[in-house]
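K.L.:
give me coordinates for this.
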Amino acid sequence: MGSDFLDTLRENKIFTSHKALQRIVMSIGRGFVTPITILSLSASSKTRFFDQQLDSEYDRVRHELLIKTEKTEQNLIFKKMKKIERALISVYDKSDLLEIANALAQCAVEILSTGGTARHLRDAGIDIVDVSDYTGFPEMLDGRVKTLHPKVHGGILAEWDNGEHKAQAEAHSIGSIDMVICNLYPFEATVAKPDVMLSEAIENIDIGGPTMIRAAAKNYRHVAALTAPSQYPQIITDLDANDGCLSEERRFELAKAAFAHTAHYDTAIAAYLTDDSALITEADNNSPLIRGVRGVNKAEDSETDEFADNLTLHFKKERTLRYGENPHQRAAFYRTEITPGPSAAWANQLSGQSLSFNNLLDLEAALEIVKDFKTPACAIIKHNNPCGLATADNLQEAFTNALECDRTSAFGSIVGLNRKVTIQTANTIREAAQAGIKIDAIIAPSYTEKALRALSRVKRRPILETGSLSDAEPILQVRNITGGVLVQDPDIHEMKAEALQVASKREPTDEEINALLFAWKACKHVKSNCILLAHGTQSVGIGAGQMSRVDAAIIAIRKAGEKAKGAVLASDAYFPFPDGVEIAGEAGISAIIQPGGSVNDEPVIETADTYGMAMVLTGVRHFRH
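P.N.:
Below you'll find the predicted structure:
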């Protein structure tokens, strides 16, 4: 409605107040009346009409019109269509590239391309224009300079509804580039290779690609930026449905994905370069100079802070999970782009139902325990804690011994193994299941064909294969807290017999020392406060996650029953009081391993002597929270 009508109302002195004029505007906007209707009313009729009819409607009409206006503006923004007339394609990953290129060709889109991408498209019979021909400038510096040219970036960055931009572009013969299809050199895959040299990693840092992607994403109002083959099907559908056009809404979605793509790429480069322990440079004799183990500070006595000042973590969504720890919690599973080595996150699932949130946590716990042992080992996990752990001469015996620790708790458990599973071990596991031991999932390096077939008879039980554990390298551990993360080295401390300090009057026997070292390694995988009892290399009682150490000892001894007599005991931290040691002595424990360092060490050791127990100190704590 124009201002002429409002002027007419004022001139005829129909309504002069601001509120009255608002009512008229709202009424006409809603379609209740026309300007002619209002002008034809007598003064008294006009008053009655607005007072009686519009007062009750005014607020609602105004609210609805505002909503309609907002929605209309959004639709105008996101439904603006852009005709794709010229596209630049330069990709490393050529998966499904011919499909999108053919779709562009069918829409009469001019395609610019470079290097290997140009050859790939041309060999497939697709007409392309080399970027060097388009710019009049050759590729140079071993391909490092291809697309870094004003005619390319001007075409990507120009705002074509800006008069000055358009005039400048025309003055320099710069045409629009409406689509950029680009993905980057595989930097992460390169640095994941064993013994990759720093120079090779640097050479695989893409420069032109991220520059084009960021430019296209920034100018999404005029340019579509495609960075992944997974985006091609939707774009092909859109182009076909919209006569070669893409909506601004689609271009905006592509821009968000593009910035995430380049951010992840830069993060991977920064993470590699700032992790000095992961770098391999050329020494003077051109041989590899390896500096430590990835993610682990080897210099334990170093005062240098080797943690980066800035930490950016990036994980890719693998799938949405059925639920989280509990059914009312939503959950998803994310993992690294490149496998860090054998892990539950990257294990190959051979059979069974989809993994749950709790399955993944327990599978990780099981695998990390058995990784820690060089001899055949089995860990049986419930709620992220081992309820049984053993090593033996073969995997079958290790499983049997681990199960005997706590058959009751093993119901609904996760089993972790560190050797190839044979039919003999598989049959032993099946016999346990037939005896009432429900096993929810199994993870191991590999399985024989017969073993896999036997274990897969339980259709819903996940069977996972990790590959060899011999190449497993320790990586930094990261845990969330609200508003931050905590990062630490993994607990890979290896206790040797010669490093033990005998604190008791009686020295442990060789047999006791072997059992103590097993129990000490095992207890570091149990939530604190932890007490673990063992015979040889078999756990017989575990007290886990207790607020007091004496309660952990009571639980472990109760779980062990008669097997506590003659067993050794490992405590993940020192005994603050003699009560835990006294309970152990009364149960017939023969030897204890613990860090020491309590102000009450003297009475604690005296209590061990009272019961004739051997006690050794490690000087190392194994808290696990």
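K.L.:
need the contact list for Ser468.
P.N.:
Contact analysis of Ser468 by CB atoms under 8 Å, 6 or more residues apart in numbering lists 342, 445-446. For glycine as for every other residue, the C-beta is placed from the backbone atoms N, C-alpha and C.
K.L.:
go again with 7 Å.
P.N.:
Ser468 makes contacts with 342, 445, as judged by CB atoms under 7 Å, 6 or more residues apart in numbering.
K.L.:
separation between it and Ala171?
P.N.:
Taking CB to CB, to the nearest Å as the measure, Ser468 falls 63 Å from Ala171.
K.L.:
and for Ile554, the neighbour number?
P.N.:
Other residues near Ile554 number 19, with proximity taken as other CB atoms under 10 Å.
K.L.:
that one: which element?
P.N.:
Here Ile554 is covered by helix 549-560, with elements defined by DSSP states H and E.
K.L.:
if you average pLDDT over that helix, what comes out?
P.N.:
Per-residue pLDDT values over helix 549-560 give a mean of 96.
K.L.:
pull the CA atoms of it into PDB?
P.N.:
C-alpha atoms of helix 549-560 as PDB (Å, rounded to 0.1, in the frame of the first residue of the first chain):
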ATOM      1  CA  ARG A 549      41.200 -49.200  50.300                       C
ATOM      2  CA  VAL A 550      40.200 -51.500  53.200                       C
ATOM      3  CA  ASP A 551      36.800 -52.000  51.500                       C
ATOM      4  CA  ALA A 552      38.500 -52.900  48.300                       C
ATOM      5  CA  ALA A 553      40.600 -55.500  50.200                       C
ATOM      6  CA  ILE A 554      37.500 -56.900  51.900                       C
ATOM      7  CA  ILE A 555      35.700 -57.300  48.500                       C
ATOM      8  CA  ALA A 556      38.700 -58.900  46.800                       C
ATOM      9  CA  ILE A 557      39.200 -61.400  49.600                       C
ATOM     10  CA  ARG A 558      35.500 -62.200  49.700                       C
ATOM     11  CA  LYS A 559      35.500 -62.800  45.900                       C
ATOM     12  CA  ALA A 560      38.500 -65.100  46.200                       C
END
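K.L.:
which other helices and strands does it contact?
P.N.:
Helix 549-560 sits against strand 531-535, strand 538-543, helix 579-587, with contacts defined as 3 or more CB pairs under 7 Å, 6 or more residues apart in numbering; DSSP states H and E.
K.L.:
go through stretch 219-235 and flag the buried ones.
P.N.:
If you call a residue buried by 16 or more other CB atoms under 10 Å, then stretch 219-235 has these buried ones: 219-220, 222-229, 231-232, 235.
K.L.:
poorly predicted segments of the stretch 151-300 of the chain, please.
P.N.:
194, 275-300 (pLDDT under 70).
K.L.:
all helices of it, in order?
P.N.:
Under the criterion DSSP state H, counting those that start in this stretch, the stretch 151-300 of the chain contains helices at 163-171, 187-192, 198-203, 208-218, 232-241, 248-274.
K.L.:
pick the most deeply packed of the ones you listed.
P.N.:
Mean neighbour count (mean count of other CB atoms under 10 Å) peaks for helix 208-218 among the helices of the stretch 151-300 of the chain, with a mean of 22.
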